[in-house]
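Chemist: what's the 3D shape of this:
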Amino acid sequence: MEWINLLKNWKRCIGLAVLLNLLVFTSANAQRIATLRATTTGKELFNIPMQTALDAITTLPDSSLQLVEIRNGQKVNIPFQITSTSDGRNLCWMIAPSVKASRVFELIRVAAKGNFPMIQAKESNGALVLEDNGKELLQYHFETVYPPAGIDTA
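Modeler: Residues are numbered from 1 along each chain as shown. You can find the predicted model right below:
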């Protein structure tokens, strides 16, 4: 009788351990939606436009997606855009030229927020300034700009 109880308890412990491992590994890997691979020849002089059918991969909204390239074990964010056609949504991105290599990209699920800084518009001294990552791109003066003091305007 004692052996039967020990065997039942042992089965429960093993079952619980297996279930716990499945939950941990599943939740750790649940963020990756797809792995995409491309091989470059090393002879490319310009960026290579890439495209894949997104609806065949996932139906998540684009605000929940992030594309990363695995380079030397590091994840590097890759800008992408979603285009809509009569056939569904397409995931589009650019591959920068490099040496001959097999490039690995992962499409991952993230919390719905902007993955890349947006262009910002700021008003400053009668001018509208467009910035990208803190770098001023364009300045438009919407108020009259007078010459500095001491300059004859006539």
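
Chemist: where along this protein do the helices fall?
Modeler: Counting by DSSP state H, the chain has these helices, from start to end: 2-29.

Chemist: Give me the residue at the spatial middle of it.
Modeler: Central residue of the chain (CA atoms, centre = their mean): residue 66, 2.5 Å from the mean position.

Chemist: Contact partners for that residue?
Modeler: Counting by CB atoms under 8 Å, 6 or more residues apart in numbering, residue 66 touches 77, 107, 108, 109, 110, 115. In short, each C-beta sits where N, CA and C put it, glycine included.

Chemist: any idea how far residue 76 is from it?
Modeler: Noted for residue 66: a distance of 11 Å to residue 76, by CB to CB, to the nearest Å.

Chemist: Same check on residue 152?
Modeler: As judged by CB to CB, residue 152 and residue 76 stand 56 Å apart.

Chemist: Same check on residue 54?
Modeler: For residue 54, the distance to residue 76 under the criterion CB to CB works out to 20 Å.

Chemist: what about the two, which has more around it?
Modeler: Under the neighbour definition other CB atoms under 10 Å, residue 54 and residue 76 were set side by side, and residue 54 has more, 23 against 11.

Chemist: Retrieve the pLDDT associated with the more buried one.
Modeler: The pLDDT attached to residue 54 in the predicted structure is 91.

Chemist: same check, this time on the one 4 residues further on
Modeler: Predicted confidence (pLDDT) for residue 58: 90.

Chemist: Test my guess that it contacts residue 107.
Modeler: Yes: assessed by CB atoms under 8 Å, residue 58 is found in contact with residue 107 at 7.3 Å.

Chemist: what touches both of those two?
Modeler: 33, 34, 65.

Chemist: quick one on the thing from earlier: farthest-separated two in the contacts of residue 66?
Modeler: Checked with CB to CB, those reach their widest spread between 77 and 109, with 14.4 Å between them.
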